[in-house]
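**Student:** below: sequence and its predicted model.
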Amino acid sequence: AAEIALAWVRQQPGVTSTIIGAKNPEQLQSNLHSTELILSADELKRIDEISALPKEYPGWMVEFQGKDRKDGM
């Protein structure tokens, strides 16, 4: 899971470096291995979807109230 998370972070626009941490040599090897992992566009999109934070108030309320107007046009 950490390898995927690090690969995802590395592939984000604007990210120029990734700081890793490890408690033991095995974790270090796993983290370093993540540099070889390239996620597809579909994988990146899916991770973005499942990790998206819920919209906070009032953003979700504005969107909710404007939905009827948008659908009626």
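**Tutor:** Cool, got the structure. Residues are numbered from 1 along each chain as shown.
**Student:** ok, now how distant is the residue nearest to the spatial centre of the chain from Gln65?
**Tutor:** For the chain, the residue sitting closest to the mean C-alpha position, by C-alpha atoms, centre = their mean, is Asp48 at 4.3 Å. The gap separating Asp48 from Gln65 is 26 Å, by C-beta to C-beta, to the nearest Å. From N, CA and C alone the C-beta is placed, and that goes for glycine too.
**Student:** for Glu26, same thing?
**Tutor:** To Gln65, Glu26 is 52 Å away according to C-beta to C-beta.
**Student:** my guess is His33 contacts Glu3, does it?
**Tutor:** Yes - distance between His33 and Glu3: 5.9 Å, which falls inside the contact criterion (C-beta atoms under 8 Å).
**Student:** show me where the protein has its helices.
**Tutor:** Secondary structure of the chain by DSSP state H: the helices cover 2-10, 25-33, 41-51, 59-72.
**Student:** contacting residues around the first one?
**Tutor:** When you say that, I think you mean helix 2-10. For helix 2-10, the surrounding residues in contact (C-beta atoms under 8 Å, 6 or more residues apart in numbering) are 15, 18, 20, 27, 30-31, 33-35, 37-39, 44, 47.
**Student:** need the buried ones from those residues selected in ChimeraX.
**Tutor:** Typed into ChimeraX, the next command selects the buried ones out of those (criterion: 16 or more other C-beta atoms under 10 Å):
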select :30,31,34,47
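**Student:** in CSV: the contacts of helix 2-10, plus distance to Pro54 and pLDDT.
**Tutor:** Rendered in CSV, the data for the contacts of helix 2-10 read as follows (distance: C-beta to C-beta, whole Å; pLDDT from 0 to 100):
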residue, distance to Pro54, pLDDT
Val15, 24, 94
Thr18, 26, 91
Ile20, 28, 91
Gln27, 31, 95
Ser30, 31, 94
Asn31, 30, 94
His33, 33, 93
Ser34, 28, 92
Thr35, 32, 93
Leu37, 28, 95
Ile38, 29, 97
Leu39, 24, 97
Leu44, 20, 97
Ile47, 16, 96
